[in-house]
Structure formats: structure tokens, C-alpha cells
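[1] Sequence and predicted structure below; questions after.
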Amino acid sequence: MKKLIIIIAMSLHPPSHAMSNVECMASAMYHEARGEGEQGMSAVAHTILNRSRKSNLSVCQTLRKRGQFSFVKRGVLPHAPREYFMLAMKAIRGYHRGMDSSKGATFFLFHKCKPKWL
């Protein structure tokens, strides 16, 4: 009985290294653009997809690259609320159908953020 409970618990919260591209994108959309509305979240998603395509990496690999995203700590992506999974799927599906609200961008910066390198 204990093994069954452990398996169920693992399926509800998979380890971050086992996350799918949709899960990784949902995490990015939540942590990078949750206050920006659907249009802003889609632009962030499309920017990540452009960067992923340019570097020939998966979404998860792109997000885990060291020093690229402040919400990723030691290669671990925190989980996003379930409602962001549908937004991530919609953004990815749209991108693969030719929609790119970022107009080819590979980087983005929150307008109130003032990093040292700027």
C-alpha cells in the first residue's frame, strides 16, 4: 500500500527534471509574466520558443541554461498553477501554426527591472 501512495504522489508532483515542455513553459509564463495578461504571457512564451529554436534546445533545456532566468534556481523550475498549463499549450500551439507575438525576439526584459548589465 505504501508503494501505491508514493507512486500517486510522484505523479502529482513529478521531479523538475522530468517536466514536459508544456510544464516548463507554464512555469516560465507564471513566474515571468503572470501579471501581464494573456498577450504578455504569449509574448514571453514565443520569445522562449524563438530562443529554443535558435539554440536547438528543448523549452526545458532553454529555461535551465545557467543565468538566463531568475526564477530558475540550480536548474530547478518551480511548478506553476494548473491554469497556466492551458495557456502554455495555447501559446505553443499558436507558435507552431506561425503565430509569434514577439516578432522573432529571443530576449525580453521587464520594463521595471534594472539589471546591472543594462
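    It's in.
[2] C-terminal to the longest helix belonging to the chain, what's the next element?
    Secondary structure of the chain per DSSP state H: the longest helix is helix 37-55. Downstream of helix 37-55, the next assigned helix or strand under DSSP states H and E is helix 59-64.
[3] Any buried residues in that following helix, and which?
    Buried residues in helix 59-64, counted by 16 or more other CB atoms under 10 Å: 59-60, 62-64. (C-beta placed from N, C-alpha, C; glycine too.)
[4] Now that helix - C-alpha only, PDB.
    Output in PDB follows, covering the C-alpha atoms of helix 59-64 (Å, rounded to 0.1, in the frame of the first residue of the first chain):
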ATOM      1  CA  VAL A  59      12.000  24.500 -23.900                       C
ATOM      2  CA  CYS A  60      13.100  22.900 -20.600                       C
ATOM      3  CA  GLN A  61      16.800  23.000 -21.600                       C
ATOM      4  CA  THR A  62      16.500  26.600 -22.700                       C
ATOM      5  CA  LEU A  63      15.000  27.600 -19.400                       C
ATOM      6  CA  ARG A  64      17.600  25.700 -17.400                       C
END
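[5] The helix or strand following it packs against which elements?
    Where DSSP H and E defines the elements, the next helix or strand beyond helix 59-64 is helix 83-96. Helix 83-96 sits against helix 21-33, helix 37-55, with contacts defined as 3 or more CB pairs under 8 Å, 6 or more residues apart in numbering; DSSP states H and E.
[6] quick one: buried residues of helix 83-96?
    By 16+ other CB under 10 Å, the buried positions in helix 83-96 come out as 84-85, 87-88, 91-92, 94-95.
[7] Look up the pLDDT of residue 9 for me, please.
    For residue 9, the pLDDT comes out at 39.
[8] no, scratch that, I was asking about residue 116
    So, for residue 116, pLDDT stands at 56.
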